[in-house]
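coords below, sequence missing:
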């Protein structure tokens, strides 16, 4: 499965490039991350811009991608929003404002929910906010 990852940032396209490098540096994701320039993915409405393409498979790779995205978002300053679009058009959105105050357990739970959403295992898996304490 190929997902498209976009970053909405006050830093412009630099956020997308940073995320692509971050994901590409993860051992489980090497060779699975590419840059896509230009318009939105076929069948997806939206503005033109850069995006990251990730080729995932159920289990370990989707979980590794989810964990890496959550970790990357936690390292950002300012407000950045990452949107992951699955091939069926489902969008999973995560922003820096959602993860700043999370402890280690909550961060792990958020990564698990994001992985479930990437795999389509749970309709409630969209990480719309931090997990309940």
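That came through fine. Only a predicted model underlies this, so the values are computations on that prediction, with no experimental measurement involved.

Roughly how far does residue 80 sit from residue 87?
Distance, residue 80 to residue 87, using Cβ to Cβ, to the nearest Å: 24 Å. (C-beta placed from N, C-alpha, C; glycine too.)

Please identify which of these two sits among more neighbours.
Using other Cβ atoms under 10 Å, the more surrounded residue of residue 80 and residue 87 is residue 80, with 21 against 13.

Quick check, pLDDT for that one.
Here the pLDDT value assigned to residue 80 is 86.

Find the nearest non-adjacent residue to it, please.
Nearest residue to residue 80, sequence neighbours excluded (Cβ to Cβ, 6 or more residues apart in numbering): residue 9, at 4.3 Å.

roughly how far out does the top strand by length along the chain sit from the chain middle?
Counting by DSSP state E, the longest strand found in the chain is strand 2-9. Strand 2-9 sits 6 Å away from the centroid of its parent chain (Cα atoms, centre = their mean, to the nearest Å).

strands paired with it, and their directions?
Strand pairing for strand 2-9, determined by DSSP bridges: strand 51-55 (antiparallel), strand 80-85 (antiparallel).

mind putting those in JSON lines, distance to residue 113 included?
Shown next, in JSON lines, are the strands paired with strand 2-9 (distance: least, Cβ to Cβ, whole Å):
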{"stretch": "strand 51-55", "distance to residue 113": "18"}
{"stretch": "strand 80-85", "distance to residue 113": "12"}
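
what's the closest of those to residue 96?
Checking the strands paired with strand 2-9 against residue 96 by Cβ to Cβ gives strand 80-85 as the closest, at 5.1 Å.

Averaged pLDDT, the next helix or strand after the closest one. What do you get?
From strand 80-85 onward toward the C-terminus, using DSSP states H and E, the following helix or strand is strand 91-95. Over the span of strand 91-95, the pLDDT mean works out to 92.
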